[in-house]
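> based on what follows, work out the 3D shape:
(chains A and B)
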Amino acid sequence: MIIIRNLIVLAIGATILFMAVRSLRADRLKERYAIIFVLTGLPFLILALWRDAVGYLANFLQIDYRTLALIAVTIFFMLMIFKLLSIVSVQERRITTLAQHVSILMHKQGLTDPPDEDNQQSTS
Amino acid sequence: MHKPPNNPSPPTPHPTPQPKCSEDPGKCLIIIPAYNESASIAQVVNDLRTHLPHADILVIDDGSTDNTHKAVPSHTPILRLPFNLGIGGAMQAGYRYASIHNYDIALQIDGDGQHPADQAHKLITKLTESNADLIIGSRFLPNDNDNDPNYTPPATRAAGIGVIRTLVRLLTGLHITDCTSGFRACNRDVIKAFAHWYPEDYPEPEVILLLHRAGFNIHETPVTMRPRTTGQTSIPFLKGVFYILKVTFALLLDLSRSPWPNKKANQP
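All right, here's what the predicted structure looks like:
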């Protein structure tokens, strides 16, 4: 039973890391943002190999209850995700502005077809 | 975007050209956002040329995939966005263009033909004759010659519009009957404000709240609208609930931000 549980946890961690590596190789994720996947996937691998990792972490941080240690880690990841989403939002606004200026400049230059017309992608 | 009115006015076979923006209010730009409106855009542009011959027309092709730009009549300026930005991004592109070219008035009108060209002069006339900075064409206000509203929406849609209308009234004190109408005219101050910042998703109700908070005057005028016959609605039925939630959240959030300088503070 313990082996099965460890295998499940191992699979989750490996899947997260695999997704991160695949996105990096496909240029869909920047290295600086991939760190959140690494920080999420690695604990699963550690937990699969070292059952009492959470207890050790709680003792190290002098937290009486292990669940509180987990909550603290969860809050950390939520803050990371919030930061990443805020970055995405700012970039999306900049892309919108850029697209608007491109279309105005193209009109001014008398160009009719937008660049990269064959690879149009929706941002909305 | 809009549901059909109960009594749509038939297209005028031989429309009479309307006077230019009532006693020459200045340069006037008609902004037509279009996403996959190849079936209707030519008629919309031609109707506007007939009814507002002195106004300039600008079509915003918002990343259409049906060759909408090829359906636009010749000699009509088109801004072709590289990809689909949504209604907010497309409209802001038009307002940026209007600001760069120093237009005095901008009129926004849907590319699907729901906003009849023969109604456009009402908005411009009201804008120039009142102290308003933004005029909204309302389907729900009765016309001058009768007391019946132009449009009675289905129950579910009426409920959604009612929620937004109530929220806008609570937050601004303004009684705007048609908060979601995209048939609008604005002056140069608002053009500059919109060029600087414009909401991206479902922007119409947000604009009312933010302009009001920035000290701009917003009025309505009754208009009739036609049913949508072609293209895709920007708010499909299944997204209605999301629309209400998103707009409600955005309106509450807007209470804490001011994207535009206060108009009154800038006045001498």
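> any idea how many residues pack against B:Cys28?
24 (other Cβ atoms under 10 Å in any protein chain shown). Backbone N, C-alpha and C define where each C-beta goes, glycine included.
> list the contacts of it.
B:20-21, B:52, B:54-56, B:103-107, B:124 (Cβ atoms under 8 Å, 6 or more residues apart in numbering or on different chains).
> which strands or helices does the top helix by length along chain A pack on?
With secondary structure taken from DSSP state H, chain A has its longest helix at helix A:66-109. Under the contact criterion of 3 or more Cβ pairs under 8 Å, 6 or more residues apart in numbering or on different chains; DSSP states H and E, helix A:66-109 touches helix A:31-49, helix A:53-60, strand B:78-80, helix B:86-100.
> format the ones you listed as JSON lines; extra columns: mean pLDDT and distance to A:Ile16.
Output for the helices and strands packed on helix A:66-109, formatted as JSON lines (pLDDT from 0 to 100; distance: least, Cβ to Cβ, whole Å):
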{"stretch": "helix A:31-49", "mean pLDDT": "81", "distance to A:Ile16": "4"}
{"stretch": "helix A:53-60", "mean pLDDT": "84", "distance to A:Ile16": "16"}
{"stretch": "strand B:78-80", "mean pLDDT": "95", "distance to A:Ile16": "40"}
{"stretch": "helix B:86-100", "mean pLDDT": "96", "distance to A:Ile16": "32"}
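> all helices for the stretch 51-200 of chain B, in order.
Per DSSP state H, counting those that start in this stretch, the stretch 51-200 of chain B carries helices over the ranges B:68-71, B:86-100, B:120-129, B:155-172, B:188-196.
> between those helices, which one is nearest to B:Pro222?
helix B:120-129 (7.7 Å; Cβ to Cβ).
> quick revisit: out of the helices and strands packed on helix A:66-109, deepest packed?
helix B:86-100 (a mean of 24; mean count of other Cβ atoms under 10 Å in any protein chain shown).
> and the residue of chain B nearest chain A?
The nearest approach of chain B to chain A comes at B:Gly86, 3.5 Å away (Cβ to the nearest Cβ).
> which residue is the nearest non-sequential neighbour of residue 104?
Since you didn't name a chain, this refers to chain A. B:Tyr97 (5.6 Å; Cβ to Cβ, 6 or more residues apart in numbering or on different chains).
> wrong one, chain B
In space, B:Asp104 is closest to B:Gly26, 2.9 Å off (Cβ to Cβ, 6+ apart).
> look up how far A:Pro43 lies from the residue nearest to B:Leu141 when sequence neighbours are not counted.
Excluding the flanking residues, the one nearest B:Leu141 by Cβ to Cβ, 6+ apart is B:Pro222, at 3.8 Å. In this view, B:Pro222 and A:Pro43 are 62 Å apart by Cβ to Cβ, to the nearest Å.
> swap in A:Val90?
Noted for A:Val90: a distance of 29 Å to A:Pro43, by Cβ to Cβ.
> could you do B:Gln92 as well?
Distance from B:Gln92 to A:Pro43, by Cβ to Cβ: 43 Å.
> ok, B:Asp201 next?
Distance, B:Asp201 to A:Pro43, by Cβ to Cβ: 36 Å.
> which stretches of chain A have low pLDDT?
A:112-124 (pLDDT under 70).
> mind checking which of the helices and strands packed on helix A:66-109 is nearest B:Leu252?
helix B:86-100 (18.2 Å).
> show me what that closest one is packed against.
Partner elements for helix B:86-100 (3+ Cβ pairs under 8 Å, 6+ apart): helix A:66-109, strand B:28-34, strand B:56-61, strand B:78-80, strand B:105-108, helix B:188-196, helix B:203-213.
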